[in-house]
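1. Curious how this folds, go ahead:
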Amino acid sequence: MGKKEKSPYPRSFAKRLTWRIMLRMFLVMIIPVFLLFWLTYALVAVGVMGISERVLKGEKEEVRRIASDLYMAATNTAPFIEEDLDKPDRMYELMNRMLKLNPYMRSCGIYFVEGYYPQKGRLFAPYASRNDSIILESQDACDQGNDYVNAEWFKQAISSDNGYWAKPFFDNDSVQSPLVSYLLPIRDKQQRTVAVLGVDLSLSWLNEKIQLMRVSRRDPSKEWDASYQIYYYMTDSTGTLLVHPDTKRLVKENIQPYITNSPDNHDGHMTVNDSREEEMVIDGEEVQVCSQVVKYTDWVISFVVPTFYIRLFGYSVAGIAIMFILIGMLVVYFFGRRTIKRDVKPLKQLATTANEVAKGNFQTTLPPLKSHDEIHKLRDSFEQMQRSLVNYTAQLRATTAQKASMESELKIAHDIQMSMLPKTFPPYPERHDIDIYGSLKPAKAVGGDLFDFYIRDEKLFFCIGDVSGKGVPASLFMAVTRSLFRNISAHVAIPSEVVRTLNNAMSEGNDTNMFVTVFVGVLDLTNGLLRYCNAGHDAPLLVGRDVGVLSCQPNLPIGVVAGFEYTQQEVSIDSGTTIFLFTDGLNEAENYEHAQFGDLRIWNLAKLLLNEQRHQPKRMIDAMANAVHTFVGDAEQSDDLTMLAIQYKK
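-> Numbers count the residues shown, from 1 in each chain. Now for the predicted structure:
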């Protein structure tokens, strides 16, 4: 046998790597495992309640079938009774036959109104009862002194139009059997109610039939113990118990006193198709209760499962699932450790060479590998990376030099652009009839906004504009527009002529279809008369006696259509009034939620500054700039922001 090859790595490296992987797997899986545990528990709980609902549905259908049989027996017998009303003795025969044909029926009887059969006395009530499964007894219920005409159930049934299930009661026999009756009014040929047909269902028999643990198997002398019991109970619309394992409670008691806590909607109305699941505490036991309405009745049957069983079953299933996961992790650990120890051996040489490459020694020779797996691919990738880094480094040096040159040129262009705009404020310190302040903040290194002003012949010529687009093309268009404004206004004092000449000059050879919105004004400093022409720009604000928007007629921007005739307007400016001009970089400034600063905020802030007598040009522009900065926050500036304020103070 050959000598075993010695690993180039310390033997503990693979062990440490395996433990780190297992620890990370554990940390990554701890939350999913925890969620899996509770998800499994929840699914088991839902499954148990789903089974409970199906079990309850079966018993509900059994109760419905029994109730339906009694309802149909009464409904089918009623026509025969109404047909033979002239034969009183025939009623006994009908009762006996109905009792024989319906094994679920405990007893039945016909209760006639007072004096209906004079020959039978004041009251007549043919009645049949079942002593056991074979023997039947027929009698007149009045023989037992039953003066039923004064009973509440009889009065209600006589006045009813249809049959219904009455309130439960105790029979007058020796054992006080709990019963519930279906009562149906009997009418003669003149449609007068002359009797009430009642069929009785034994609640003791029904209780015995549907309980999971038969009541007969319990010792009736002992008190009912609800601990860990799975059972049914059924109530009527008032909560009176019709079915319950503790037979002493039937008819005598209501379910509500035994429920110490339940949801607020426990007493809410349920329809036939409802199936309600609730957590309750009944008889001191935490239970899950599934309830459904029995069709054709107002009874609600409920299936009670102790929460203990649901938790026990859910925790057991979830625990088994977690145990299998842990066993799987142990298997992964042992097999993973062996695999890692075998496969990480070639990585040390590759890591040493990669370290040299990281130091900048791109020509370092990579070690040869015999394997043809992912590590070999990694080695080939490092070799390719070496060649790429050599080429990339050379390209990066050239690109860096070009970028530095471009940034330097943009900086020079920015400085040239800013030098073209007025930058000395106050511009006319020797004059006391005018105060001017302006600012321009481009969205990029260079921008497309402009403003300018100068005084000639005691008239202030000023303009503000916004070129379509941003960046270098807009800055060139802006420079041409500003230069043309200076040259044209030096010879023409009519704003509309200045704008018209500007438009014709900028439209000629405009192959890029760029345009600029411009507001040009000429303010006569001797009398405050402002003549102006607006070419598609935002209307300025007049902040003086009040805050208002300067009325501007619609005109096309400059550069759109050559030969367009621009209209001119004029207005007298009061002393102390500030003309506030701005570009759409102010009112359309957006925050992170893409909400705009808006004209309303501009107007409200101007109103506030006027009320505080802070509407001087510099203070007004500084306040606007601070308000926009606060509104926008850290969002990127979307457009050039330019403002110009002129206060006439003659």
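
2. A443 reaches V632, doesn't it?
-> No - under the contact definition of CB atoms under 8 Å, A443 does not touch V632, with a separation of 11.7 Å. Backbone N, C-alpha and C define where each C-beta goes, glycine included.

3. Show me where the stretch 251-400 of the chain has its helices.
-> Listed from the start of the chain, the stretch 251-400 of the chain has helices (DSSP state H, counting those that start in this stretch) covering 307-343, 347-358, 374-420.

4. closest one to N76 among the ones you listed?
-> Proximity to N76 (CB to CB) singles out helix 307-343 among the helices of the stretch 251-400 of the chain, at 43.9 Å.

5. Off-centre distance for the closest one?
-> 35 Å (CA atoms, centre = their mean, to the nearest Å).

6. just checking, what packs against it?
-> helix 11-83, strand 285-293 (3 or more CB pairs under 8 Å, 6 or more residues apart in numbering; DSSP states H and E).

7. how does it look with 6 Å?
-> Helices and strands in packing contact with helix 307-343 are listed as helix 11-83; criterion 3 or more CB pairs under 6 Å, 6 or more residues apart in numbering; DSSP states H and E.

8. Give me the buried positions along the very next helix or strand once past the helix it packs on.
-> Once helix 11-83 ends, the next helix or strand along the chain (criterion: DSSP states H and E) is helix 90-101. Neighbour counts using 16 or more other CB atoms under 10 Å place 91-92, 94-96, 98-99 of helix 90-101 among the buried residues.

9. Looking at those residues, which is nearest V294?
-> M98 (22.0 Å).

10. Was I right to think L250 contacts P178?
-> Yes - using CB atoms under 6 Å as the test, L250 is close enough to P178 to be in contact (4.5 Å).

11. Quickly list what's touching both of the two.
-> In terms of CB atoms under 6 Å, 6 or more residues apart in numbering, L250 and P178 are both contacted by the residues L203.

12. JSON lines please, covering the helices of the stretch 251-400 of the chain and showing distance to L39, mean neighbour count and mean pLDDT.
-> Formatted as JSON lines, these follow (distance: least, CB to CB, whole Å; neighbours: other CB atoms under 10 Å; pLDDT from 0 to 100):
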{"stretch": "helix 307-343", "distance to L39": "8", "mean neighbour count": "14", "mean pLDDT": "76"}
{"stretch": "helix 347-358", "distance to L39": "39", "mean neighbour count": "14", "mean pLDDT": "71"}
{"stretch": "helix 374-420", "distance to L39": "35", "mean neighbour count": "12", "mean pLDDT": "71"}
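
13. Next, format these as CSV and append distance to S439.
-> Compiled in CSV, the helices of the stretch 251-400 of the chain are given as follows (distance: least, CB to CB, whole Å):
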stretch, distance to S439
helix 307-343, 65
helix 347-358, 49
helix 374-420, 11
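
14. Out of these, the one nearest A45 is which?
-> Distances from A45 to each of the helices of the stretch 251-400 of the chain were compared using CB to CB; the shortest belongs to helix 307-343, at 5.2 Å.

15. so the closest one versus strand 285-293, what angle?
-> Relative orientation of helix 307-343 versus strand 285-293 (axes from the mean of the first three to the mean of the last three CA atoms, to 10 degrees): 110 degrees.

16. thinking again about what came up before, can you tell me which of the helices of the stretch 251-400 of the chain is nearest to V472?
-> Nearest to V472, of the helices of the stretch 251-400 of the chain and by CB to CB, is helix 374-420 at 7.0 Å.

17. Pull out the buried positions in stretch 619-632.
-> Within stretch 619-632, the residues scored as buried using 16+ other CB under 10 Å are 619-621, 623-624, 627-628, 631-632.

18. now do stretch 610-618
-> Neighbour-count burial for stretch 610-618 flags 610, 615-618 (criterion: 16+ other CB under 10 Å).

19. swap in stretch 77-93?
-> Buried-residue list, stretch 77-93, by 16+ other CB under 10 Å: 77-78, 81, 85, 88, 91-92.

20. Good, we can wrap up now.
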